[in-house]
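# give me coordinates for this.
(chains A and B)
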Protein chains: 2
Amino acid sequence: MAKNELFQYSIMSALMDGVASHGIPIASMLTHGDHGLGTFKHMVGEMIVLDGVVYQMKSDGTVVPLDAASLATTITPFASVTRFQPTHTARATITGKEGLSNLLTRLMPTAKNHFLAIRIDGVFSTIHVRTAGGQLEPREKLPAVGNRQTTHTFENARGTIIGFRTPQYMMGINVAGDHLHFISDDRERGGHILAFESEGEVDVGVALLSNFHLELPTEDEEFNEAALVLDAKGIHAIEG
Amino acid sequence: MAKNELFQYSIMSALMDGVASHGIPIASMLTHGDHGLGTFKHMVGEMIVLDGVVYQMKSDGTVVPLDAASLATTITPFASVTRFQPTHTARATITGKEGLSNLLTRLMPTAKNHFLAIRIDGVFSTIHVRTAGGQLEPREKLPAVGNRQTTHTFENARGTIIGFRTPQYMMGINVAGDHLHFISDDRERGGHILAFESEGEVDVGVALLSNFHLELPTEDEEFNEAALVLDAKGIHAIEG
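Below you'll find the model as predicted:
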């Protein structure tokens, strides 16, 4: 896949419906990109893909990089990745997700109907994250899994935020709006970002992704049988 | 692109919003598939792609195959194509779009959440089609264009139906449900199918498409500025 094209496996509505028992090997996902996010079998933890390395951020607070053997045997039921090459960069102080949203709109004023890939490096005065602990049983829905999520707040944390902006008309296929995961420089802390503020200026890189490659699950009874009805409010509540 | 993968340029909600002044050359579209449907600049007519040949079916009833020069200079603002290789075939009598829908469900019982490519060859006792005449001005919306569409009814027509089934969760990206275009064997009649019945048994070929490649317009102010709010009822009315 060329640079700045988006690859996605499965759809957000499937995850909402609890479709998370099957998927593609992480090694296969990595052939499509080196930058991205997702989750793991049975939604155990949050995935962040940073410079081609895949980390599993678990609800007990631990962060595990996947080694070569794990890449072949671990699967993802939902992930988005790209070969990231920023086309627009800025150094900016970011006050919350709304501040980031405003910055992205200033950097890419005509991109509201496009996907963006995002990377932010620097020190964050506060970062509030959640990590999903996983399904108690197959087909347990994401909102129920989310009810048991663990949250952590990190202060003065140096690290990297990786994420995507998804256009509104893609709600249900992915999460409309900005979807961000964080990992610290020491690779010991991280999760799905609920809120954050930068400590002074941080480095922001962005690229517009106009080619979207979606691989849908096959030979997956859970996916085939799921209702996949759009629950925009539910997705915003759990992923927004 | 491999066989039975789906390539699409732009999204149905953009066409609903009247985004049809720009697009990709038909020649570029053909690099992704030899079977499909779509429309042309300013929605002038219906496109059908049959065995790699692109036909423009106009509202005056004429059907024009695009020659090599036209393929390079003619653009499409919206199209879906695949390299079709049927995996399931049947000979069946088809009574209407509902009859086809039931047949597809019998042939592919676990595919409700997937795209299907469809081809039907044979004699049709009646085929009712519409052809869009085109926008009177840029950004005129599809429902307004559709209000002036021409309809034709063909009887005992031998020809080919080309189409796609799109899963419900893709409504707005494409047209959820079965979207079919027809062209006669003599290549002199055709259009977007509103209703049809086969004359006895016809040949049906189907394939499941689990990889969806979406190219979004870039450098297209109409697309960038469009609201692209889902109007499912409107899409069903004009394209269903």
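
# can I get the CA coordinates of the lowest-mean-pLDDT helix or strand in chain A in CSV?
Of all helical and strand segments in chain A, the minimum by mean pLDDT, DSSP states H and E falls on helix A:232-239, at a mean of 86. Taking C-alpha atoms only, helix A:232-239 is exported to CSV below (Å, rounded to 0.1, in the frame of the first residue of the first chain):
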residue,chain,number,x,y,z
ALA,A,232,-24.0,6.8,16.7
LYS,A,233,-24.8,7.9,20.2
GLY,A,234,-23.4,4.7,21.7
ILE,A,235,-20.2,5.0,19.6
HIS,A,236,-19.7,8.6,20.8
ALA,A,237,-20.3,7.6,24.4
ILE,A,238,-17.7,4.8,24.3
GLU,A,239,-15.2,6.0,21.7
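
# tell me the gap between the host helix or strand of residue A:130 and the middle of its chain.
Residue A:130 is part of strand A:115-131 when elements are defined by DSSP states H and E. Relative to its chain's centre, strand A:115-131 lies at 11 Å (Cα atoms, centre = their mean, to the nearest Å).

# for the helix or strand just after it, name the packing helices and strands.
Sequence order places helix A:142-147 as the next helix or strand after strand A:115-131, per DSSP H and E. For helix A:142-147, the packing partners by 3 or more Cβ pairs under 8 Å, 6 or more residues apart in numbering or on different chains; DSSP states H and E come out as helix A:12-16, helix A:232-239. For glycine as for every other residue, the C-beta is placed from the backbone atoms N, C-alpha and C.

# just the C-alphas of helix A:142-147, formatted as PDB.
This file holds the C-alpha atoms of helix A:142-147, laid out as PDB (Å, rounded to 0.1, in the frame of the first residue of the first chain):
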ATOM      1  CA  LEU A 142     -18.500  -2.900  23.500                       C
ATOM      2  CA  PRO A 143     -20.700  -0.600  25.700                       C
ATOM      3  CA  ALA A 144     -20.900  -3.400  28.300                       C
ATOM      4  CA  VAL A 145     -17.100  -4.000  28.000                       C
ATOM      5  CA  GLY A 146     -16.600  -0.300  28.400                       C
ATOM      6  CA  ASN A 147     -18.600  -0.200  31.600                       C
END
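
# now whichever helix or strand comes after it against strand A:115-131, angle please.
As assigned by DSSP H and E, the chain's next helix or strand after helix A:142-147 is strand A:150-166. Per axes from the mean of the first three to the mean of the last three Cα atoms, to 10 degrees, the angle that strand A:150-166 makes with strand A:115-131 is 170 degrees.

# ok, then the element right after strand A:150-166?
Moving toward the C-terminus from strand A:150-166, the first helix or strand encountered (DSSP H and E) is strand A:177-184.

# how big is the angle separating that next one from strand A:115-131?
With the same axes, to 10 degrees applied, the angle from strand A:177-184 to strand A:115-131 works out at 60 degrees.

# can strand A:177-184 be found next to chain B?
No: under the criterion of Cβ under 8 Å from any Cβ of the partner chain, strand A:177-184 makes no contact with chain B; the nearest approach is 14.5 Å.

# partners of that strand, with directions?
strand A:150-166 (antiparallel), strand A:190-209 (antiparallel) (DSSP bridges).
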